[in-house]
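Colleague: have a look at this fold, sequence not included:
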């Protein structure tokens, strides 16, 4: 069996980390090729897995209300669709895995008349926009399309009011993401080493936030709330990890630097930029905070849970599917800085509560977000869609998804 994977960007964020996990879990009997832009780290990371790649231009397409930008984005779609069709014809895959909604649009258009089943891996929440209705209609236009959603929140959002009427035409399956428990695990010695390397004193409490620097992640509001909390928790330190990736996020990153430097506690707010040692950082934190306005899933939450680090997160979209308040983490109302500050005070002032939440979180994360479970469920979708399209004679080649990675 041959699978063609398509990722519309060459930069690495949460969706790309999930793609790399799938590629690493492929059975040796599955032939695969990845079509992706060569303008970021992704293509090299895939090459390191010894998986064939084919480079192409990135897709320039965003939701917009501006006609000039919309025309430019449609032109980008048209160019990429032509290149993608040529690649599909050349590679002749049995199945296509499109690793985003945009990638699904490209591949569904590029394969018209070819009869190849396409799995759209939906990592994002569709916004309220007329184009979202167009996307749903496009998905509905072909029975070759199958949707994997990373959370029930993403699934419900993708269906909207339209696709709920056609559950059999465009099936949507929720498969929660996974994280490697070997990479993310408690390690007291490593924790202390990194804290010393970062210049963290023994008595300081470290609050961390990890992710793309972008408005929907709420880092600016986090700085404001943290500044208020330091009045009562003077030994707290805020570490912001991440970098701007898309659109005008660089401007937002600059605003974070200004907010930190002009705050009342500039020495206690540090922007670390992108880091390669995120597992070690998760262990170094006393508390991970996820203050997103919208969050399809929340990989960093599971990473912190596996590290035995307490998590405070906004109760939005896919996050409540991961965190049970007061049991394996702490939830606060989204977009509410008073509640965020109150949650910070509650957890930063109670080391026993943080320890209990962190201790409960790791076994829960291992049970619910294992790689073996994830790979098995993705493999089941692959088998189902190939069978639905007429079947692949040697389906045993796909069964490696169930057995290559042992249970955690």
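Modeller: Structure's in. What do you need? Keep in mind that this is a model prediction, so the values were computed, not measured. Residues are numbered from 1 along each chain as shown.

Colleague: could you report the distance from the residue lying closest to residue 302 once chain neighbours are set aside to residue 303?
Modeller: Leaving out its chain neighbours, the residue that sits closest to residue 302 by C-beta to C-beta, 6 or more residues apart in numbering is residue 179, at 4.5 Å. The C-beta positions use only the backbone N, C-alpha and C, and glycine is treated the same way. Distance, residue 179 to residue 303, by C-beta to C-beta, to the nearest Å: 5 Å.

Colleague: if we can go back for a sec, hmm, the residue nearest to residue 302 is touching residue 301, no?
Modeller: No - Residue 179 is beyond contact range of residue 301, at 9.3 Å (criterion: C-beta atoms under 8 Å).

Colleague: assumed residue 115 was part of a helix.
Modeller: No - according to DSSP: H, G, I helix; E, B strand; the rest coil, residue 115 belongs to no helix; its state is coil.

Colleague: distance check, it against residue 352.
Modeller: For residue 115, the distance to residue 352 - C-beta to C-beta - is 60 Å.

Colleague: swap in residue 387?
Modeller: According to C-beta to C-beta, residue 387 and residue 352 sit 52 Å apart.

Colleague: for residue 136, same thing?
Modeller: Looking at residue 136 against residue 352, where the rule is C-beta to C-beta, the gap reads 48 Å.

Colleague: how about residue 95?
Modeller: Counting by C-beta to C-beta, the gap from residue 95 to residue 352 is 50 Å.

Colleague: try residue 3
Modeller: Residue 3 is 48 Å from residue 352, where distance means C-beta to C-beta.

Colleague: tell me which of the two has more neighbours.
Modeller: Per other C-beta atoms under 10 Å, whichever of residue 3 and residue 352 has more neighbours is residue 3, with 22 against 7.

Colleague: tell me the buried residues in the longest helix along the chain?
Modeller: In the chain, with assignment by DSSP state H, the single longest helix is helix 67-91. Applying a neighbour-count criterion of 16 or more other C-beta atoms under 10 Å, one finds 73, 76, 77, 80, 81, 84, 85, 87, 88, 91 buried in helix 67-91.

Colleague: ok, now stretch 12-25?
Modeller: Using 16+ other C-beta under 10 Å as the test for burial, stretch 12-25 gives 12, 13, 14, 15, 16, 18, 19, 20, 21, 22, 23, 25.

Colleague: hang on, isn't the last one packed against residue 371?
Modeller: Yes - contact status for residue 25 versus residue 371: in contact at 6.8 Å, counting by C-beta under 8 Å.

Colleague: so where's the stretch 151-300 of the chain shaky on pLDDT?
Modeller: Per-residue confidence for the stretch 151-300 of the chain (pLDDT under 70) gives these ranges: 168.

Colleague: where exactly do the helices run in it?
Modeller: 152-163, 188-197, 219-229, 249-261, 278-284, 299-306 (DSSP state H, counting those that start in this stretch).

Colleague: reformat the ones you listed as JSON lines; add mean neighbour count and distance to residue 322.
Modeller: Shown next, in JSON lines, are the helices of the stretch 151-300 of the chain (neighbours: other C-beta atoms under 10 Å; distance: least, C-beta to C-beta, whole Å):
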{"stretch": "helix 152-163", "mean neighbour count": "18", "distance to residue 322": "11"}
{"stretch": "helix 188-197", "mean neighbour count": "14", "distance to residue 322": "23"}
{"stretch": "helix 219-229", "mean neighbour count": "21", "distance to residue 322": "19"}
{"stretch": "helix 249-261", "mean neighbour count": "15", "distance to residue 322": "25"}
{"stretch": "helix 278-284", "mean neighbour count": "22", "distance to residue 322": "15"}
{"stretch": "helix 299-306", "mean neighbour count": "27", "distance to residue 322": "5"}
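
Colleague: redo the ones you listed as JSON lines? Include distance to residue 364.
Modeller: As requested, the helices of the stretch 151-300 of the chain are arranged in JSON lines below (distance: least, C-beta to C-beta, whole Å):
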{"stretch": "helix 152-163", "distance to residue 364": "18"}
{"stretch": "helix 188-197", "distance to residue 364": "21"}
{"stretch": "helix 219-229", "distance to residue 364": "25"}
{"stretch": "helix 249-261", "distance to residue 364": "32"}
{"stretch": "helix 278-284", "distance to residue 364": "16"}
{"stretch": "helix 299-306", "distance to residue 364": "7"}
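
Colleague: can you give me the strands in this structure?
Modeller: Secondary structure of the chain, counting by DSSP state E: strands at 2-6, 31-37, 52-56, 95-98, 118-122, 145-149, 172-174, 205-210, 236-241, 269-273, 287-290, 310-314, 330-332.

Colleague: may I see the ones you listed organised as a markdown table, with distance to residue 188 added?
Modeller: Output for those, formatted as a markdown table (distance: least, C-beta to C-beta, whole Å):
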| stretch | distance to residue 188 |
| --- | --- |
| strand 2-6 | 39 |
| strand 31-37 | 39 |
| strand 52-56 | 40 |
| strand 95-98 | 40 |
| strand 118-122 | 37 |
| strand 145-149 | 37 |
| strand 172-174 | 36 |
| strand 205-210 | 14 |
| strand 236-241 | 19 |
| strand 269-273 | 22 |
| strand 287-290 | 17 |
| strand 310-314 | 15 |
| strand 330-332 | 23 |
